[in-house]
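[1] Generate coordinates for the sequence data below:
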Amino acid sequence: MKIPTSIIKQVVRAILLIFCVSVVSFILVSLSPLDPIQMNLGQTVKGSMSPEQLKKIQDYWGVNTPLTERYISWIKDFLRGDMNISLLYRRPVIQILQERLSSSLWLMGIAWILSGFLGFFLGVLAGFKRNKLTDHIIHKYALISASIPSFWFALLLLIVFSVWLDIFPIGMSVPIGVDFSNVTFKDKVYHAILPIITLIFINSSAIILHTREKMIEVLDSDYVLFAKARGENTFSIVFRHSIRNILLPAITLQFVSISEIFGGSVLIETVFSYPGLGQATVKAGLGGDVPLLLAITVVTATIVFLGNLIANILYEIIDPRIGIKKKKE
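    The predicted model follows:
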């Protein structure tokens, strides 16, 4: 089976973008005013070291090595799967990524899927019931969710459902004091409900608003008016004429929202003390853990670009005319 040229170009473009992200991230981290030696050893320990001891540690961490040599050495090891040792956790970075990414991916994955379905359904419903009570309620909900900071909404859920009502746990991904081997799937879901609700709340607004406007635009089109004149029922108008024409923009926003999900999870995992990738990012940034911070940046950028690549491929499957236009260009 021959792979289309457009898909090959998109894959090459994604690889180049990931390479650029790695270069920019490495430069920015290297230019950071934070001293990794002081952040990990402390000012007292660093001050008590002799110049010879300090030089050995700087050489070990590559502080005195030129920037270009450091990047080439780092990217070679990274491509081989060696992401170095975390300065905070004293463990291989790849192990920390596997643990934290597995915790975050299922949390963000569920929220991403549910927010997409919820946003699309509410957007279609609001557009179909425009200027009615249902439309006003959904529209207000979308505007409020787009305006409220994610960390504030997360704190509100904690206060109401964890502190006042004592329905859900205050934080963590598993019960405190329980051995990991005894943690059930029910326990993980129970601890993830509030973070998932928060992610759904803040990520569904864009799809709702955009789908609503597209639905109104389609319902006002000539071919829908003609379908109404022919006596087609509501089901036929909505599913045969409307949804098919607004599905592609909805898919676009859904895959673009992957980056928003990752960005929102950083604050939300911190609020809920959820040991995922977001919390590890905050700790790595504040603690000067350069190997872990760089690995998280490159891996998350790869996932985001992969989502955009999948969206572009789906475009051509759903609407082959897009591929034809690209060939003409």
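[2] just for the stretch 51-200 of the chain, where's the confidence low?
    The stretch 51-200 of the chain contains residues with pLDDT under 70 at 53-54, 57-64, 177-181.
[3] Quick one: the helices in it, in order.
    For the stretch 51-200 of the chain, the helices defined by DSSP state H, counting those that start in this stretch cover 51-61, 67-79, 93-128, 133-147, 150-157, 185-203.
[4] again with the stretch 201-329 of the chain
    Along the stretch 201-329 of the chain, counting by DSSP H, counting those that start in this stretch, helices occupy 205-219, 222-229, 234-236, 243-271, 277-287, 290-318, 321-328.
[5] about what we covered before: between the helices of the stretch 51-200 of the chain, which one is nearest to residue 278?
    The closest of the helices of the stretch 51-200 of the chain to residue 278 is helix 93-128. By C-beta to C-beta, the value is 6.5 Å. C-beta here means a position set from N, CA and C on the backbone, and glycine is covered the same way.
[6] Packing partners of that closest one?
    When contacts are defined as 3 or more C-beta pairs under 8 Å, 6 or more residues apart in numbering; DSSP states H and E, helix 93-128 sits against helix 133-147, helix 185-203, helix 205-219, helix 243-271, helix 277-287, helix 290-318.
[7] and the gap between residue 233 and residue 227?
    Residue 233 sits 10 Å away from residue 227, going by C-beta to C-beta, to the nearest Å.
[8] Over to residue 183?
    Taken as C-beta to C-beta, the span from residue 183 to residue 227 is 54 Å.
[9] which one of the helices of the stretch 51-200 of the chain lies closest to residue 219?
    helix 93-128 (6.7 Å).
[10] what's the angle between the closest one and helix 290-318?
    Here helix 93-128 runs at an angle of 40 degrees relative to helix 290-318 (axes from the mean of the first three to the mean of the last three C-alpha atoms, to 10 degrees).
[11] Buried residues of helix 93-128, list them for me.
    Of the residues in helix 93-128, those with enough neighbours to count as buried (16 or more other C-beta atoms under 10 Å) are 93-94, 96-97, 99-101, 103-104, 107-108, 110-112, 114-116, 118-120, 122-128.
[12] In terms of neighbours, single out the busier of residue 183 and residue 227.
    Each of residue 183 and residue 227 has its neighbours counted (other C-beta atoms under 10 Å); residue 227 has more, 17 against 14.
[13] wait, isn't that one in contact with residue 238?
    No - look at residue 227 against residue 238 with C-beta atoms under 8 Å: they stay out of range, at 10.5 Å.
[14] Save the helices of the stretch 51-200 of the chain as CSV, and put in distance to residue 267 too.
    Shown next, in CSV, are the helices of the stretch 51-200 of the chain (distance: least, C-beta to C-beta, whole Å):
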stretch, distance to residue 267
helix 51-61, 30
helix 67-79, 27
helix 93-128, 13
helix 133-147, 15
helix 150-157, 4
helix 185-203, 9
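[15] circling back: and of the helices of the stretch 201-329 of the chain, who's closest to residue 190?
    Per C-beta to C-beta, nearest to residue 190 of those: helix 243-271, 16.5 Å.
[16] In terms of secondary structure, what does the closest one contact?
    Here helix 243-271 touches helix 93-128, helix 150-157, helix 185-203, helix 205-219, helix 277-287, helix 290-318, going by 3+ C-beta pairs under 8 Å, 6+ apart.
[17] would you turn those into JSON lines with distance to residue 259?
    Shown next, in JSON lines, are the helices and strands packed on helix 243-271 (distance: least, C-beta to C-beta, whole Å):
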{"stretch": "helix 93-128", "distance to residue 259": "11"}
{"stretch": "helix 150-157", "distance to residue 259": "14"}
{"stretch": "helix 185-203", "distance to residue 259": "11"}
{"stretch": "helix 205-219", "distance to residue 259": "12"}
{"stretch": "helix 277-287", "distance to residue 259": "13"}
{"stretch": "helix 290-318", "distance to residue 259": "5"}
